[in-house]
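1. Quick one: sequence plus predicted model below, questions after.
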Amino acid sequence: MNGREETGVLKRQVTITVNGEARTVELEPRVLLAHLLREGLGLTGTHIGCDTTSCGACTVLFDGSAVKSCTMLAVQADGHEVRTVEGLAQASELHPVQEGFKEEHGLQCGFCTPGMMMSAMALLERDPDPTEEEVRWALSGNLCRCTGYQNIVKAVLWAAAKLRPAGVPS
Amino acid sequence: MYPARFRYEAPRSLDEALALLAEHGDEAKVLAGGQSLIPMVKLRFASPELLVDINGVPGLGYHREAASGVLEIGALCRHVDLEFSDVLGDLRPTMAAAAPLIADPIVRNRGTLVGSLCHADPQGDWASVMLALDGEVVAESAAGRRTIPVSEFVTGPFQNALRPGELAVEARVPVPRGIPMGRYLKLERRVGDFATVGVAVAVETSDGAVTRAGIALTGVGANNIKAVEAERVLVGSTLDRATVAESARLAAEAARPRTDHRGSAAYKRHVVRTFVERALRPRPAVAA
């Protein structure tokens, strides 16, 4: 059996590929994916905002699609791939999506930014050449209280241009 | 927020899932997309003893047109699958209109249509769409399968007709008999909010006359409301201005809105009327 009885609660052992690395942990089924990432694995780039499936601050990629990690059990990720904002930069080089946010000043307080970036990643992997309207649509599950979204949209379009072969950021 | 403790099972086959549900009856709760259930357990509005996670059950993610023409939607078909569907096409305009309006894009990646019907939130969009289309839910248990019209499946706010041991495995939408036309119009304060008012309209016409009409309302009652009288006046009509106006009036009359932070009862009723008119006259004649 996968698990053991401890204070009446069955813990389970799960293996999740997080940012390309297999991580095996033992946890209670009620632990949310956001909690595992932040407290279990120390990946605090994933923020918890509303905690009620509204704000998108906790967005991560689950098998490539954007999910709210506060609204998934960590055990559900057993055998699956999770990508967080920590997985974007390579060594000391920022990912174009991160670079875009820097170039276009796509943040003020920065709390929503990791979620915004992960939604942007999901969009750009599906559609490398989105229109402004498509960017706005793709980000509509992520709330920002500071920016009015203008620069966030510009940042994603900047990243899209940079990621395209021979793309020249305008 | 942490949910209260529960046990968790992730069956790998439908038989295994049904066996778990048969064994644990109403102590067990099925976890599909989890976009309503997980918030509910976090807020401790629900504290099931056992969660049966069906995400690992193969073969439930489909939506397809059967040989009979019936649209079949499996228990793990996500909203996003319907949003980007090649199957809905011109035959299912009400569904195609509703899919991109369910919650927000991130929720749509996980949430399911069948789960939404089971959750039976009076502000859920899909139940109205399925009421307008005379959809059904297929419930399966260790004892066999039965098909339940959505109008009987949703029995109250957050209540459905499933018996202990049953799993809603599929939703079904009948074959359109005439030329289908329909929309889902939703007023929301911001993307991802629940509907202040939602109106699903699905009509079929043959030789210009309506052969079948479905109208259902979201967010204006203790359940999604099928506006039967408003449907009835449309049948046989050519969707002329007077009939459409009468149907819209009857739909507004069928609404049971309450005044809340999203608007007054009178306002919501007015929006129902406006949406029915708008849905039935999608392309107003332009003066030459």
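-> Happy to help now that I have it.

2. got a pLDDT number for residue 74?
-> Unless you meant another one, I'm taking chain A. On pLDDT, A:A74 comes in at 98.

3. That was the other one, I meant chain B.
-> 98.

4. immediately after the longest strand along chain A, which helix or strand?
-> For chain A, the longest strand by residue count, based on DSSP state E, is strand A:9-18. Downstream of strand A:9-18, the next assigned helix or strand under DSSP states H and E is strand A:21-27.

5. ok, then the element right after that following strand?
-> helix A:33-35.

6. chain center to that following helix, what's the gap?
-> 12 Å (C-alpha atoms, centre = their mean, to the nearest Å).

7. buried set for the lowest-mean-pLDDT helix or strand in chain B?
-> When each helix and strand of chain B is scored by mean pLDDT, DSSP states H and E, strand B:154-156 comes last, with a mean of 94. Buried residues in strand B:154-156, defined by neighbour count with 16 or more other C-beta atoms under 10 Å in any protein chain shown: B:V154. (C-beta placed from N, C-alpha, C; glycine too.)

8. Now the element after that strand, going C-ward?
-> strand B:159-160.

9. Note down every partner strand of that following strand and its orientation.
-> Paired neighbours of strand B:159-160 in the sheet (DSSP bridges): strand B:154-156 (antiparallel).

10. can you tell me which helix or strand the spatially most central residue of chain A belongs to?
-> Centroid check for chain A by C-alpha atoms, centre = their mean gives A:V60 as the closest residue, at 2.6 Å. Using DSSP H and E, A:V60 sits in strand A:59-62.

11. One more: B:W126?
-> helix B:125-132.

12. Is that helix positioned near chain A?
-> No. Helix B:125-132 stays out of contact with chain A when judged by C-beta under 8 Å from any C-beta of the partner chain, the minimum separation being 15.6 Å.

13. name the helices or strands packed onto that helix?
-> Counting contacts by 3 or more C-beta pairs under 8 Å, 6 or more residues apart in numbering or on different chains; DSSP states H and E, helix B:125-132 packs against helix B:93-98, helix B:113-119, helix B:150-153, strand B:179-187, strand B:197-206, strand B:209-218, strand B:225-226.

14. which residues sit in contact with the nearest residue to A:T59 once chain neighbours are set aside?
-> Spatially, and ignoring its direct neighbours in sequence, A:T59 is nearest to A:G115 (3.8 Å; C-beta to C-beta, 6 or more residues apart in numbering or on different chains). Contact analysis of A:G115 by C-beta atoms under 8 Å, 6 or more residues apart in numbering or on different chains lists A:46-47, A:49, A:55-59, A:142.

15. top of those by neighbour count?
-> The most crowded member of those, judged by other C-beta atoms under 10 Å in any protein chain shown, is A:T59 (34 neighbours).

16. Distance check, the nearest residue to B:D134 once chain neighbours are set aside against chain A.
-> Nearest residue to B:D134, sequence neighbours excluded (C-beta to C-beta, 6+ apart): B:P174, at 5.8 Å. Distance, B:P174 to chain A, by C-beta to the nearest C-beta, to the nearest Å: 31 Å.

17. one step back: tell me how far the strand holding A:V60 lies from the chain's centre.
-> Taking C-alpha atoms, centre = their mean, one finds the center of strand A:59-62 at 4 Å from the center of the full chain.
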